[in-house]
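Peer 1: With the input below, show me the fold.
(one chain, ligands or ions: 1)
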Amino acid sequence: MSYVTSQQEGSILLMTLNRPEALNALNAQVLEDLDKALDGVDLETVRCLVITGAGDRAFAAGADIAAMADMDPEAAAAFSRRGNAVFRRIESFPLPTIAAVNGYALGGGCELSMACDIRLCSENAVFGQPEVALGITPGFGGTQRLMRLIGMGKAKELIFSARTVKATEALEMGLVNGVYPAEELLPAAKKLAARIVRNAPIAVRACKAAMNEGVDQAMDEAIVTEVREFSGCFASEDQKRGMQAFLNKQKNIEFLNQ
Ligand code: COA
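Peer 2: As a prediction, this is how the structure comes out:
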């Protein structure tokens, strides 16, 4: 039994956090299973990941509070390091990732969604970093990624106040890219994934690498990063196929991931 299930549909891999009895709260085992699920991704055939939560109430309602209640600072540091390592792995994963946020995305749930490249959510989604109400800080990247996504002022407001936001407000502040009725969320995430996987996979990966690296670089250095990724594409078969197809007025070409 794993707390994370993976289901491949063509070149899209749907990963589901599967601990609905605890609103998919993230304990050490869930983190371990998430890491193992990433180990299991076949980079030859998968071109996009969609991550969601089991049940209709939560994406993930946070790090597991019962598991954290008796931790001392040392155990807490190990837990935070582990969660951060897994989420950093998702953020830097060599494939585009979409979080399909189907309900509560609080604490670690919000942090997991922010480690993904793109967030879509259902109308009943609720986002927030309510950790200070429990006497702690966010510990799986929340103090760092929320401000990068929505800006320092808004991020401080949400984190200091522990205020949660519903889907429409999350959309307004740029925390999510789209809001859908619950039953349309996964189809919408898969539709977006399907659009992404039609494109040259090496180029998509290179865009992700350039953007992830460049966001923390000064512009002069960031341009060097772009030149590296841009030029790297010209060593691929798919660059030749893509450009020849355009010049030959061919539509709907298949990229080879080579
Ligand atoms: N850690 C551990 N267990 C959690 C959890 C978490 N972060 N979030 C929910 N659960 C468990 C509850 O303890 C409950 O278990 P039980 O049925 O064995 O009592 C079950 O999931 C259902 O949650 P419940 O609180 O009964 O549902 P609700 O509809 O009344 O409230 C929430 C939903 C999300 C508002 C509420 O569960 C909550 O506030 N969760 C914690 C959110 C949070 O602070 N996250 C940040 C953690 S750092």
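Peer 1: residue contacts, the nearest residue to residue 222 once chain neighbours are set aside?
Peer 2: Closest residue in space to residue 222, ignoring its immediate chain neighbours: residue 214 at 3.8 Å, by Cβ to Cβ, 6 or more residues apart in numbering. Where C-beta positions appear, they are placed from N, C-alpha and C, glycine not excepted. By Cβ atoms under 8 Å, 6 or more residues apart in numbering, the residues touching residue 214 are 222, 225, 226.
Peer 1: What is the neighbour count of the last one?
Peer 2: Burial measure for residue 226: 17 neighbouring residues, criterion other Cβ atoms under 10 Å.
Peer 1: show me what contacts residue 223?
Peer 2: Contacts of residue 223 (Cβ under 8 Å, 6+ apart): none.
Peer 1: what comes up buried for the strand or helix carrying it?
Peer 2: For residue 223, the host element (DSSP states H and E) is helix 219-233. Residues 222, 225, 226, 229, 232, 233 are the ones in helix 219-233 that count as buried (16 or more other Cβ atoms under 10 Å).
Peer 1: Dump the residues you listed to CSV, plus distance to the ligand.
Peer 2: As requested, the buried residues of helix 219-233 are exported to CSV (distance: Cβ to the nearest ligand atom, whole Å):
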residue, distance to the ligand
222, 34
225, 34
226, 37
229, 36
232, 40
233, 41
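Peer 1: pLDDT added to those residues, as a markdown table?
Peer 2: Output for the buried residues of helix 219-233, formatted as a markdown table (pLDDT from 0 to 100):
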| residue | pLDDT |
| --- | --- |
| 222 | 98 |
| 225 | 98 |
| 226 | 98 |
| 229 | 98 |
| 232 | 98 |
| 233 | 98 |
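Peer 1: Return the set of buried residues in stretch 4-12.
Peer 2: Buried residues in stretch 4-12 (16+ other Cβ under 10 Å): 4, 6, 11, 12.
Peer 1: now do stretch 36-52
Peer 2: So, applying 16+ other Cβ under 10 Å, buried residues of stretch 36-52: 37, 38, 41, 46, 47, 48, 49, 50, 51, 52.
Peer 1: what packs against the longest helix along the chain?
Peer 2: In the chain, with assignment by DSSP state H, the single longest helix is helix 73-91. Using 3 or more Cβ pairs under 8 Å, 6 or more residues apart in numbering; DSSP states H and E, the elements in contact with helix 73-91 are helix 28-39, helix 65-68, helix 108-115.
Peer 1: Restrict the buried residues of stretch 36-52 to those that also contact the ligand, please.
Peer 2: Among the buried residues of stretch 36-52, no residue sits close to the ligand (Cβ under 6 Å from any ligand atom).
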